[in-house]
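this is a predicted model, with the sequence first.
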Number of protein chains: 2
Amino acid sequence: MSTMGRGLHGRVLDTLGPEITAGGYPPGSVLRTDELAQRFDVSRSVMREAVRVLESMHLVESRRRVGVTVRARSEWNVYDPQVIRWRLAGADRPHQLRSLTVLRSAVEPVAAGLAARHATAEQCAELTACALGMVAHSRGHQLEGYLFHDVAFHRVILNASGNEMFARLGDVVAEVLTGRTQHDVMFEDPDPAAVTLHVQVAEAVRERDAARAEELTRQITVGALQELDVLAP
Amino acid sequence: MSTMGRGLHGRVLDTLGPEITAGGYPPGSVLRTDELAQRFDVSRSVMREAVRVLESMHLVESRRRVGVTVRARSEWNVYDPQVIRWRLAGADRPHQLRSLTVLRSAVEPVAAGLAARHATAEQCAELTACALGMVAHSRGHQLEGYLFHDVAFHRVILNASGNEMFARLGDVVAEVLTGRTQHDVMFEDPDPAAVTLHVQVAEAVRERDAARAEELTRQITVGALQELDVLAP
DNA sequence: GAAACCCATAAGATACGACGAATTCAAGAG
DNA sequence: CTCTTGAATTCGTCGTATCTTATGGGTTTC
């Protein structure tokens, strides 16, 4: 999935990107295009394309007579899905997971409020179906099915908000939820309170109660944050 | 500023990027690398690098035997600062401005709450200084000075939140605030209520009152949204 | 006539070599 | 000690040659 074979330069990025985002090269480190090309056994053209992509992510900066210098973390385009994936796969996964969860706690309640105002009848139905699916898979170690509906639920909310920037966080949320299930709490059934909250959010959206949808979603994200605090204090 | 002379490929992007984000090519349109290279009078190598960057932004997709196809809006990396700049400079500037303001309304209150918990003494001082600067420039058409302190204020809040993803929205907020001043309401003095709110947020952060900082910031962003509603219903 | 197969071809993908341009650093002149 | 100059280095750009692959059409086959 992460390794879409989109050419040689993509293959190079799959190695070099994670190395950089993992902090393998401290900020200010210089890489030489030629050396990299040799290391990955690709032509300079391909290496240059890879460097350009890293540059567009603000991970590195290419300057004449000096080389490709790694930029400070604070300059990285941390919203780039590719960068997010790299970081989630790397060493500071916990840190990235916390950042994303905090972001969720800010965005999703507002998105839910907007969804209550803008959701189409179809989206309301979809939302209810997702919530029911979560309920149906909430007991007896059916975590795969639960996760599937959970991801779908949050995606619908974000899409129904009508804000394109919220909608684009669907993949991020999916990655966070998937990571949580596959890493941390794969063994135990989901919190019943969380399941109930999802059902209630679906209700609130259906009834166009924006304030209630927002508040309930806030409780969901607070729960997610607390869960994170327990696992990584 | 937007045209950093980072080479020929950057020059190409400065033209082609805005064209695409402005919707100049409907989704599914195909561009040929060779034709583009001819059009911009650059070598294929340079053109390929430019295409790679556009590809990393998910604006286009390059496939063999087909060409470079423009992707649907819903796939664009709308958080890429470059994409944001291009869109703000183009036709759907109002739409982009609204998306960003909604995003602000979700993020900034939470960021302010976190800032109240995590801000260093230095950041508190800086925040207070910014708020006072806003007050000092709030009357008599000193909009440049007001804007300067306003931008700094929100930057400090986002940085002090301690969340890197919030911090990276500083540039976006700066762009929104700057754009608002330079485009829409350049003529009249800022809303006194907004100025007061900023001062109060600085206070709340200094006093570690997270809930109050969050609520007050929410009022600021609500004001920004209302202002937008007045200008673009 | 429909489905499976095959090939010519168009487009990007990769490689390589040469030259240009800019920036750093050090040596030398004042 | 400062300023200038120039050489070294590394990225930047270009052009060409060749490889790879997906597509579209033509052919065969059932």
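Now that the structure is in, tell me what you want to look at. Since the model is a prediction, treat every value here as computed from it, not as a measurement.

hmm, stretch A:224-233 in reach of chain B?
No: contact between stretch A:224-233 and chain B, assessed by Cβ under 8 Å from any Cβ of the partner chain, is absent, since the two come no nearer than 10.8 Å. No exception for glycine: its C-beta is placed from N, CA and C like everyone else's.

what comes into contact with that stretch?
Applying Cβ atoms under 8 Å, 6 or more residues apart in numbering or on different chains, the set of residues contacting stretch A:224-233 from outside is A:94, A:97, A:98, A:101, A:102, A:104, A:105, A:180, A:184, A:185, A:191.

next one, pLDDT for the second one please.
It refers to residue A:97. With respect to pLDDT, residue A:97 scores 93.

run through the residues that contact residue A:149.
Counting by Cβ under 8 Å, 6+ apart, residue A:149 touches A:130, A:131, A:133, A:134, A:137.

you'd agree the second one is in a strand?
Just to be clear, that refers to residue A:131. No: when classified by DSSP: H, G, I helix; E, B strand; the rest coil, residue A:131 is found to be helix rather than part of a strand.

returning to that earlier point: min pLDDT across the contacts of stretch A:224-233, which one?
Scanning the contacts of stretch A:224-233 for pLDDT, the smallest score is found at residue A:185, 58.

related to what we said a few turns ago, ok, of the contacts of residue A:149, which come out buried?
Neighbour counting over the contacts of residue A:149 (16 or more other Cβ atoms under 10 Å in any protein chain shown) leaves A:130, A:131, A:133, A:134, A:137 as the buried ones.

next, format those residues as JSON lines and append distance to DNA strand C.
Listed next are these as JSON lines, based on distance: Cβ to the nearest atom of the strand, whole Å:
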{"residue": "A:130", "distance to DNA strand C": "37"}
{"residue": "A:131", "distance to DNA strand C": "42"}
{"residue": "A:133", "distance to DNA strand C": "36"}
{"residue": "A:134", "distance to DNA strand C": "41"}
{"residue": "A:137", "distance to DNA strand C": "38"}
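
closest to chain B out of the residues you listed?
Closest approach to chain B among those (Cβ to the nearest Cβ): residue A:130, at 19.8 Å.

skipping adjacent residues, who's closest to that closest one in space?
Spatially, and ignoring its direct neighbours in sequence, residue A:130 is nearest to residue A:153 (3.9 Å; Cβ to Cβ, 6 or more residues apart in numbering or on different chains).

ok, the one you found touching residue A:199?
No: taking contact to mean Cβ atoms under 8 Å, the distance of 9.9 Å between residue A:153 and residue A:199 leaves them out of contact.

quickly list what's touching both of those two.
Looking at what touches both residue A:153 and residue A:199 (by Cβ under 8 Å, 6+ apart), the common residues are A:131, A:134.

surely residue A:190 is within a strand?
No: Residue A:190: not assigned to a strand; according to three-state DSSP it is coil.

tell me the contacts of it?
By Cβ under 8 Å, 6+ apart, residue A:190 lies in contact with A:134, A:138, A:143, A:146, A:150.

follow-up on the earlier one: between residue A:153 and residue A:199, point out the one with more neighbours.
Neighbours were tallied for residue A:153 and for residue A:199 using other Cβ atoms under 10 Å in any protein chain shown; the higher tally belongs to residue A:153 (25 against 18).

dump the residue contacts of residue A:46.
Listed by Cβ under 8 Å, 6+ apart, the contact set of residue A:46 reads A:7, A:8, A:9, A:12, A:37.

quick one, phi/psi of it?
Listed backbone geometry of residue A:46 is phi -60, psi -40, with angles given as degrees, to the nearest 10.

can you tell me how far it is from DNA strand C?
Distance from residue A:46 to DNA strand C, counting by Cβ to the nearest atom of the strand, to the nearest Å: 4 Å.

got it, and residue A:21?
Counting by Cβ to the nearest atom of the strand - residue A:21 and DNA strand C are separated by 22 Å.

burial of that residue, as a residue count?
For residue A:21, the tally of surrounding residues (other Cβ under 10 Å) stands at 26.

my guess is it contacts residue A:60, does it?
No: in terms of Cβ under 8 Å, residue A:21 does not count as a neighbour of residue A:60; the distance is 11.1 Å.

mind checking which helix or strand residue A:218 is in?
helix A:210-231 (DSSP states H and E).

buried set for that helix?
Buried residues in helix A:210-231, counted by 16+ other Cβ under 10 Å: A:210, A:212-221, A:224, A:227-228.

now stretch A:116-131
By neighbour count on 16+ other Cβ under 10 Å, the buried set for stretch A:116-131 is A:116, A:118, A:119, A:123, A:124, A:126, A:127, A:128, A:130, A:131.

looking at the residues you listed, spot the one nearest chain B.
Within those, the smallest distance to chain B is 11.5 Å, found for residue A:118 (Cβ to the nearest Cβ).

DNA strand D contacts on chain A?
Listed as neighbours of DNA strand D in chain A under the rule Cβ under 7 Å from any atom of the strand: A:31-34, A:44-45, A:48, A:51, A:62-68.

and the contacts of stretch A:224-233, which two are furthest apart?
With distances taken as Cβ to Cβ, the most widely separated pair in the contacts of stretch A:224-233 is A:94 and A:191, at 20.4 Å.

against the centre of chain A, work out the most remote residue.
In chain A, counting by Cα atoms, centre = their mean, residue A:65 sits farthest out from the average C-alpha position, at 37.1 Å.

quick one: secondary structure of that residue?
Each residue gets one of three states, and residue A:65 gets coil by three-state DSSP.

now the one 4 residues further on
Following three-state DSSP, the label given to residue A:69 is strand.

which helices and strands does the helix or strand bottoming out on mean pLDDT in chain A pack with?
Using mean pLDDT, DSSP states H and E, helix A:170-183 stands out as the lowest-scoring helix or strand of chain A, at a mean of 88. Judged by 3 or more Cβ pairs under 8 Å, 6 or more residues apart in numbering or on different chains; DSSP states H and E, the packing partners of helix A:170-183 are helix A:81-89, helix A:93-118, helix A:143-160.

send me that helix as PDB with only the CA atoms.
What follows is helix A:170-183 as a C-alpha-only set of coordinates in PDB (Å, rounded to 0.1, in the frame of the first residue of the first chain):
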ATOM      1  CA  GLY A 170     -10.200  11.400   6.400                       C
ATOM      2  CA  ASP A 171      -7.100   9.500   5.400                       C
ATOM      3  CA  VAL A 172      -5.200  10.700   8.400                       C
ATOM      4  CA  VAL A 173      -8.000   9.700  10.800                       C
ATOM      5  CA  ALA A 174      -8.200   6.400   9.100                       C
ATOM      6  CA  GLU A 175      -4.500   5.900   9.600                       C
ATOM      7  CA  VAL A 176      -4.700   6.800  13.300                       C
ATOM      8  CA  LEU A 177      -7.700   4.500  14.000                       C
ATOM      9  CA  THR A 178      -6.100   1.700  12.100                       C
ATOM     10  CA  GLY A 179      -2.800   2.200  13.800                       C
ATOM     11  CA  ARG A 180      -4.500   2.200  17.200                       C
ATOM     12  CA  THR A 181      -6.300  -1.000  16.600                       C
ATOM     13  CA  GLN A 182      -3.400  -2.800  15.100                       C
ATOM     14  CA  HIS A 183      -0.800  -1.700  17.600                       C
END
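
this completes my enquiry, with thanks.
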